[in-house]
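Peer 1: the following block contains a protein sequence and its predicted model.
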Amino acid sequence: MNKVPNNKAWWLVLPMFLLVAFSAIIPLMTVVNYSLQDIFDQNTAYFVGVEWYQEVLRDTRLHDSLLRQFGFSFSVLLIEIPLGIAVALMMPTRGWQASAVLILLALPLLIPWNVVGTIWQVFARGDIGLFGWTLNNLGVDYNYTSNPLDAWLTVLLMDVWHWTSLVALLCYSGLRAIPDAYYQAAKIDRASRWAVFRYIQLPRLKNVLVIGVLLRFMDSFMIYTEPFVLTGGGPGNSTTFLSQTLTQMAIGQFDIGPAAAFSLVYFLIVLVVSWLFFTTITHMEKSDRGIKYDK
Amino acid sequence: MATITLKGLAHSYLVHPKNPQDYAIQALDHVWKQGGAYALLGPSGCGKSTLLNIISGLISPSEGEVLFDQQVVNALTPQQRNIAQVFQFPVVYDAMTVAENLAFPLKNIKMPKTQIKDKVREIADLLELTDSLDKKAKNLSADQKQKVSMARGLVREDVSAILFDEPLTVIDPNLKWKLRRKLKQIHEQLNITMLYVTHDQLEAATFADEIALMYQGKIVQFGSPQELFERPNHTFVGYFIGSPGMNFIPVEKSDNGGVCFRNIHLHINEPQQAALQNNHSTNLKLGIRPEFVALSEKPEPNSFVASVLSVQHLGSYQLVMVDFAGLEIQVRVAEKMQFSGAKVYLGFPSQWLKLYVDEYLLGEPALEKNNKNIHDIEADTKGPQT
């Protein structure tokens, strides 16, 4: 059979190419363009090479907020992942209780970020907020508007309240996918509750946990609305995370060049850390421990 | 290691069972003696797997008691009962290697590492798994996985009993034969009570010393393969055991104390006649195995004329289907026997002609063993220990 070369078929790729170009390539290239030039007006632009990048990487304000950001994201992961697994393990599996718990857990996920911020802004107030008022009356000196640690913890608590459900629901679906036969076999093999979790449930949760960890890392690394609504990034700079710093730089001070350079660095950090998580988790089983048996 | 006693056991999967059909197990009393190799044989849905799961503790029975030796274990979990069970479909812990799979039950009982290693090796050698010890269990083929499942069941020596739930279903016939032999060997070595569930009579007979035949949630007969074959207690046993199953001839009482089938008088022996005398049931059947029907081309004393419907040559024997006064009867005869005509004569030797009243065997001299009731057997097993 002779193949008839028909290169016109390439035109069929065009719609997809245009879509990707407008949604990703062109905006990204615009940012790259800004990050390499110093632009005064439409006709005056100087090519500055990597100067903006050098400036951004030396900026101590950014260092601080990057550090805060990592601290925050890792705290989020350290709390939400184990807590989500624990909640999933405790969830009822059948009957109306199962549906009720599923609905309750799904509720926080439906609430918009700024609403969550507003809810907690009121809820945590010392004078009229139930949470803050209770803490103060229990003798805890809690005030998120003046104490940096309190503010930081409040943002963390807010995120845990908002997103642990997501991890729990993911794990719940993973757990439901384990056939009963495994639990039966484990009982027969006299496995303890811990052994069942460690050797049967956890390995089978791996795939959903990869998704959970990545989603929670990326989301928390880009947190903006909640601290902004709660304290506007304060007190001081205590809850000013990366995206807020970036926004201040780009829109507040109109430093488009450094902001563009910083955006790209920000993007790279998210990409690299996500990749690290992904490869670590997926390669975990290859370096498994165990007794070696020679043949 | 334990003698397992079931007392008044009944189980229903429904919360509020109303009639007998709602029960998977019906009022069952039985004793599995320490060290025996037993098969639990029956068709699908007769309750054999349910019974196994009740013994291992995966299901708790609706009524009755399970005893290991003298201890009631109803409230104990499978972990506490210390029992091994192999399931019909392979269950391997797929995140672990084969070796880790085998070591898992031993790790759970906190056996020292060096001992675990030896034991794992031993069982792997036995089941020919040594070459795949370092492989991840999830990459194995189905029958390899089932071998791993089985090995996990055999790896602990101190168990009360090992229960097998049709463990060879997914294994190919060649290997099946080998594994059954292996199990038998292991049983001889270890002196552990083994209970083997199957729907295959051949498998049951090769594995077990004694077979319990289950039907509709009851054990209808318990005995050696030979007893089940020669003296089925219940029409179902006759039908289920043997290939093909027993022939049944529906009969009526005749005036002279015997029975007749469509006005053909059939001779039954004296104990059978005596049993019939005081019985007013109309559900009477005579049963005879295809192997025991005498077939000849010439009329003989006490023989009945029949016409041949079909002949199947099955290698070592031929199966002849005959029409006996409108009833189809199967006869197993030697392969070398030749038929010239369509007309044959059937003889029913008296010692192989069994009488069934309301589906149960009657008019047979009772065997010693079957006379014993559950309490006698219990007393037997208690004897040496106290």
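Peer 2: Now that the structure is in, tell me what you want to look at. Since the model is a prediction, treat every value here as computed from it, not as a measurement.
Peer 1: alpha carbons only for contacts and neighbour counts from here, please
Peer 2: Will do.
Peer 1: what segments of chain B are helices?
Peer 2: Along chain B, the stretches classed as helices by DSSP state H are B:48-56, B:78-81, B:98-108, B:113-126, B:142-154, B:173-190, B:201-207, B:225-230, B:235-240, B:270-277, B:368-371, B:374-382.
Peer 1: CSV for these, including mean pLDDT?
Peer 2: As requested, the helices of chain B are arranged in CSV below (pLDDT from 0 to 100):
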stretch, mean pLDDT
helix B:48-56, 88
helix B:78-81, 86
helix B:98-108, 90
helix B:113-126, 88
helix B:142-154, 88
helix B:173-190, 83
helix B:201-207, 86
helix B:225-230, 88
helix B:235-240, 89
helix B:270-277, 80
helix B:368-371, 47
helix B:374-382, 43
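Peer 1: adding mean neighbour count and distance to residue B:250, write those helices out as TSV.
Peer 2: Converted to TSV, the helices of chain B look like this (neighbours: other CA atoms under 10 Å in any protein chain shown; distance: least, CA to CA, whole Å):
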stretch	mean neighbour count	distance to residue B:250
helix B:48-56	24	30
helix B:78-81	20	47
helix B:98-108	24	54
helix B:113-126	17	51
helix B:142-154	23	45
helix B:173-190	14	38
helix B:201-207	19	26
helix B:225-230	18	20
helix B:235-240	22	12
helix B:270-277	16	14
helix B:368-371	9	27
helix B:374-382	14	33
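Peer 1: and residue A:272, that one's in a strand?
Peer 2: No. Counting by DSSP: H, G, I helix; E, B strand; the rest coil, residue A:272 is not found in a strand; it is helix.
Peer 1: could you check the pLDDT of it?
Peer 2: Model confidence at residue A:272, given as pLDDT, is 93.
Peer 1: picking up where we left off before, including distance to residue A:66, could the helices of chain B go into TSV?
Peer 2: As requested, those are exported to TSV (distance: least, CA to CA, whole Å):
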stretch	distance to residue A:66
helix B:48-56	57
helix B:78-81	51
helix B:98-108	43
helix B:113-126	47
helix B:142-154	50
helix B:173-190	63
helix B:201-207	69
helix B:225-230	78
helix B:235-240	77
helix B:270-277	97
helix B:368-371	83
helix B:374-382	76
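Peer 1: tabulate those helices (TSV), appending distance to chain A.
Peer 2: Shown next, in TSV, are these (distance: least, CA to the nearest CA, whole Å):
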stretch	distance to chain A
helix B:48-56	8
helix B:78-81	4
helix B:98-108	5
helix B:113-126	8
helix B:142-154	8
helix B:173-190	19
helix B:201-207	23
helix B:225-230	30
helix B:235-240	30
helix B:270-277	48
helix B:368-371	33
helix B:374-382	26
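Peer 1: closest one to residue A:266 among the ones you listed?
Peer 2: Nearest to residue A:266, of all the helices of chain B, is helix B:98-108, at 43.6 Å by CA to CA.
Peer 1: CA atoms only for the closest one, dumped as PDB, please.
Peer 2: C-alpha atoms of helix B:98-108 as PDB (Å, rounded to 0.1, in the frame of the first residue of the first chain):
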ATOM      1  CA  VAL B  98       7.200 -13.000  48.300                       C
ATOM      2  CA  ALA B  99       9.600 -13.600  51.200                       C
ATOM      3  CA  GLU B 100       8.000 -10.700  53.200                       C
ATOM      4  CA  ASN B 101       4.600 -12.100  52.500                       C
ATOM      5  CA  LEU B 102       5.600 -15.500  54.000                       C
ATOM      6  CA  ALA B 103       7.300 -13.800  56.900                       C
ATOM      7  CA  PHE B 104       4.300 -11.600  57.700                       C
ATOM      8  CA  PRO B 105       2.300 -14.000  59.900                       C
ATOM      9  CA  LEU B 106       5.500 -14.900  61.700                       C
ATOM     10  CA  LYS B 107       6.500 -11.300  62.200                       C
ATOM     11  CA  ASN B 108       3.000 -10.700  63.700                       C
END
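Peer 1: which elements pack onto it?
Peer 2: Judged by 3 or more CA pairs under 8 Å, 6 or more residues apart in numbering or on different chains; DSSP states H and E, the packing partners of helix B:98-108 are helix B:113-126, helix B:142-154.
Peer 1: one step back: to residue B:296, which of the helices of chain B lies closest?
Peer 2: That would be helix B:225-230 among the helices of chain B, by CA to CA, at 22.5 Å.
Peer 1: check what pLDDT the residue most central in space within chain B gets.
Peer 2: Nearest to the geometric centre of chain B sits residue B:41, at 2.6 Å (CA atoms, centre = their mean). Note on residue B:41: pLDDT of 89.
Peer 1: residues contacting it?
Peer 2: B:48, B:197-201, B:204, B:211-214 (CA atoms under 8 Å, 6 or more residues apart in numbering or on different chains).
Peer 1: pretty sure residue B:293 contacts residue B:329?
Peer 2: No. Contact criterion CA atoms under 8 Å: residue B:293 and residue B:329 do not qualify, at 9.2 Å.
Peer 1: quick one, which of these two is more surrounded?
Peer 2: Using other CA atoms under 10 Å in any protein chain shown, the more surrounded residue of residue B:293 and residue B:329 is residue B:329, with 23 against 20.
Peer 1: low-scoring stretches of the chain, by residue?
Peer 2: Let's take chain A. Applying pLDDT under 70 to chain A picks out residues A:1, A:285-295.
Peer 1: try again with chain B
Peer 2: B:1, B:365-386.
Peer 1: residues from it in reach of chain A?
Peer 2: Within chain B, the positions adjacent to chain A are B:56, B:58, B:78-80, B:82-85, B:91-93, B:95-96, B:99-100, B:104-105, B:108-109, B:130-131, B:133-134, B:152-153 by CA under 8 Å from any CA of the partner chain.
Peer 1: ok so, going back, mind checking which of the helices and strands packed on helix B:98-108 is nearest residue A:182?
Peer 2: Comparing these by CA to CA, helix B:142-154 comes nearest, at 11.1 Å.
Peer 1: tell me the angle the closest one makes with helix B:98-108.
Peer 2: Orientation note: helix B:142-154 sits at an angle of 20 degrees relative to helix B:98-108 (axes from the mean of the first three to the mean of the last three CA atoms, to 10 degrees).
Peer 1: helix B:142-154: how far from the chain's middle?
Peer 2: 23 Å (CA atoms, centre = their mean, to the nearest Å).
Peer 1: what's it packed up against?
Peer 2: Using 3+ CA pairs under 8 Å, 6+ apart: helix B:142-154 touches strand B:84-86, helix B:98-108, helix B:113-126.
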